[in-house]
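In: I'd like to go over a predicted model; first the sequence, then the structure.
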Amino acid sequence: MSWLQKLLPPKINRSEAAGRKSVPEGLWSKCPSCEAVLYTADLAANQNVCPKCSHHSRMRARARLDGLLDREGRFEIGNEVMPVDPLKFRDSKRYADRLNAAADDTGEGDALVVMQGAIRTVPVVVACFEFEFLGGSMGSVVGERFVRGVRLAVEQRLPFVCIAASGGARMQEGLFSLMQMAKTTAALTQLSQNRLPFISVLTDPTMGGVSASFAFMGDVVIAEPGALIGFAGPRVIEQTVREKLPEGFQRAEFLLEKGAVDMIVDRREMPERIAGLLAALQRMPALAS
Amino acid sequence: MKTTFLDFEQPIAELEAKIEELRFVQDDSAVDISEEITRLEAKSQALTKDIYAKLTPWQIAQVARHPQRPYTLDYLRLMFSDFQELHGDRAFADDHAIVGGIARFNGQPCMVIGHQKGRDTKEKIHRNFGMPRPEGYRKALRLMKLAEKFGMPVLTFVDTPGAYPGIDAEERGQSEAIGHNLYAMAELRVPIISTIIGEGGSGGALAIAVADTLMMLQYSTYSVISPEGCASILWKSADKAADAAEIMGITASRLKTLGLIDKVVNEPAGGAHRDHAAVASSLKRALAESLRQLADLTPTQLVERRFERVMAYGKFKEQAVA
């Protein structure tokens, strides 16, 4: 112990390392866009939207559903459906191990959480992608849970909302994954036949097999500000065309300009906007604001 | 046409070169060497059969991409009559990577839609290597709706590395175009029979392949991503493409075992590129049989049956929720 440490009162007299550890990890976050240093709890309370520059950071599925759905009368659909490894797939790691690791990290069984509930009193079924689970990739479980959500919506005569956040199809399930594109999209025909609205919300990122299946089949297609949305990934396109991609390419604002989406909605206004649209499409009275 | 030999076909190539040489000297040779030529030809046949009997998935992927493999327009010529090509999506352009039109199959009018690759450099570029842009998928959709209106079955032929990953394609809504086709095919009120004739590359293939009957030629492939693409993402190296091809299950026989396709149509020994007429005649028989199987279904039955088929895709387990 040095002479200085001996002089210090016990409260200050802590080793540097221990002092650092006493600050909980992730107390502060830095906005990836404006680099403002934010109190993490504030950021979470603001739905992961930077209060300074309105940058929309990615969000976990359950946190999002929590912000979107009314407290009362929610319940989950399709969580009994769990993944298997049909091809015994193995690259540098076994797919089965990747599934277990993803489940441990996220607390989810797969990359889609489906719930029945209400958005600002409008009853609805909502499917929400969990990007943290293997990049929100769509395999057999995502497809089946999606379809069970749609089926329940048809049975209960409820509108269906999907919030996408996905890198695309899940390679480790091979062609089974590709077929989920056909499966999820075909299920939507039942909503249409019953005149039930489908609202598709595209968040960062919505790519590949998810983008090129049900995502753009919404009666209304909404994008979040700044979200990357497209069929092919920017790197693949750059390698194919061998030129630099234009500024803002495949971002929500670019898609709005090209006529690919109906509107861009700030996450904090999402519940009101979706509820308003659903009420109008179902000829319900206007909602009290 | 001189056969192009793939890497793993080198032993065949050497033998064929020898036969060619003997044929050349035969004309001014005093001794009769025709017997020797016949012997070598039989040997070459046997060797081809031997090599093709144990192709790896990655080798099959090479055969599926063989530059002399028959393309959609070849099958149109060999299996159909009275083909009248219909062009354009009525909104932007005519995409040459997808061809389509009205033709007769054993006398029956039907709509034919397929990816089209090019053989020489100029045509390859013209066909964009068989990679459609959104207008290609929208043309296909327009033709499917036309078929539905006039009660014609839709026969599609799939042969694409994938939908085109380009700036213009993204700008015009590649995702929406593909998604829209998946949706429309799910409720189309006429029979749809799809055959993978070469490469079935991901969403770009599926966009014309949601079908009542899905068939694959013996040495075609169908996959969620190309073996090279899968390798470069999961192994961080495109050199592992052979491993990726192995594990993803991209071949006709594997996909038949997995229950993802209905029928495998056999190819002549050494692959479709060695005998276009032979593979066309096998495929024609298979198509006729599939059409017969679907002929008695009403439009409503067809759509319901197709819907149930599509809903059954996927492998998962169900367990009690804690």
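Out: Sure, I can see it.

In: any low-confidence regions in chain A?
Out: For chain A, the stretches with pLDDT under 70 are A:1-25, A:289.

In: Equivalent analysis for chain B, please.
Out: Across chain B, the ranges flagged by pLDDT under 70 are B:1, B:322.

In: So it: which segments form each domain?
Out: Per the TED database, the domain ranges recorded for chain B read B:9-54, B:61-311.

In: what's the answer for chain A, then?
Out: A:27-57, A:59-282.

In: and those domains, which is most packed in?
Out: Mean neighbour count (mean count of other C-beta atoms under 10 Å in any protein chain shown) peaks for domain A:59-282 among the domains of chain A, with a mean of 21. Glycine gets a C-beta too; all of them are placed from N, C-alpha and C.

In: now for it, what's the gap between its first and last residues?
Out: End-to-end distance for domain A:59-282: 29 Å, by C-alpha to C-alpha, to the nearest Å.

In: what about residue 63, is that helix, strand or coil?
Out: Just so you know, I chose chain A. helix (DSSP: H, G, I helix; E, B strand; the rest coil).

In: ok, it touching residue A:44?
Out: Yes. Contact criterion C-beta atoms under 8 Å: residue A:63 and residue A:44 qualify, at 7.3 Å.

In: got a list of what residue B:274 touches?
Out: B:3, B:48, B:268 (C-beta atoms under 8 Å, 6 or more residues apart in numbering or on different chains).

In: Reformat the domains of chain B as JSON lines; add distance to residue A:35.
Out: Compiled in JSON lines, the domains of chain B are given as follows (distance: least, C-beta to C-beta, whole Å):
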{"stretch": "domain B:9-54", "distance to residue A:35": "58"}
{"stretch": "domain B:61-311", "distance to residue A:35": "29"}
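
In: between these, which gets nearest to residue A:75?
Out: When the domains of chain B are compared by C-beta to C-beta, domain B:61-311 sits nearest residue A:75, at 23.0 Å.

In: For residue 147, which residues are in contact?
Out: Since no chain was named, I'll use chain A. Per C-beta under 8 Å, 6+ apart, neighbours of residue A:147: A:183-184, A:187, B:311.

In: Chain B, not that one
Out: By C-beta under 8 Å, 6+ apart, the residues touching residue B:147 are B:110-111, B:153-154, B:188, B:190.

In: again, only using 7 Å
Out: Shown in contact with residue B:147 (C-beta atoms under 7 Å, 6 or more residues apart in numbering or on different chains): B:111, B:154, B:190.

In: likewise residue B:130?
Out: Applying C-beta under 7 Å, 6+ apart to residue B:130 gives the contacts B:97, B:115-117, B:159-161.

In: hmm, which two among the residues you listed are most spread apart?
Out: Largest separation among those by C-beta to C-beta: B:116 and B:161, giving 12.7 Å.

In: Those two: which is more packed in?
Out: Ranked by neighbour count (other C-beta atoms under 10 Å in any protein chain shown), residue B:116 and residue B:161 place residue B:116 first, with 25 against 22.

In: Which residue comes closest to that one once chain neighbours are left out?
Out: residue B:99 (4.6 Å; C-beta to C-beta, 6 or more residues apart in numbering or on different chains).

In: Please identify the helix or strand for the one you found.
Out: Using DSSP states H and E, the secondary-structure element containing residue B:99 is strand B:98-105.

In: buried set for that strand?
Out: For strand B:98-105, the neighbour count (16 or more other C-beta atoms under 10 Å in any protein chain shown) marks B:98-103, B:105 as buried.

In: Need the residues that contact it.
Out: B:72-73, B:76, B:79-86, B:109-116, B:132, B:136, B:139-140, B:143, B:155, B:287.

In: List only buried entries from these.
Out: B:72-73, B:76, B:79-80, B:86, B:110-116, B:132, B:136, B:139-140, B:143, B:155, B:287.

In: State the next helix or strand along the chain beyond the longest helix anywhere in chain A.
Out: In chain A, ranked by residue count with DSSP state H as the criterion, the top helix is helix A:174-193. Per DSSP H and E, the first helix or strand lying C-terminal to helix A:174-193 is strand A:198-207.

In: tell me the secondary structure for the most centrally placed residue in chain B?
Out: Central residue of chain B (C-alpha atoms, centre = their mean): residue B:197, 2.0 Å from the mean position. In three-state terms, and counting by three-state DSSP, residue B:197 is strand.

In: give me the residue from the stretch 1-150 of chain A nearest chain B.
Out: Nearest residue of the stretch 1-150 of chain A to chain B, counting by C-beta to the nearest C-beta: residue A:140, 3.4 Å away.
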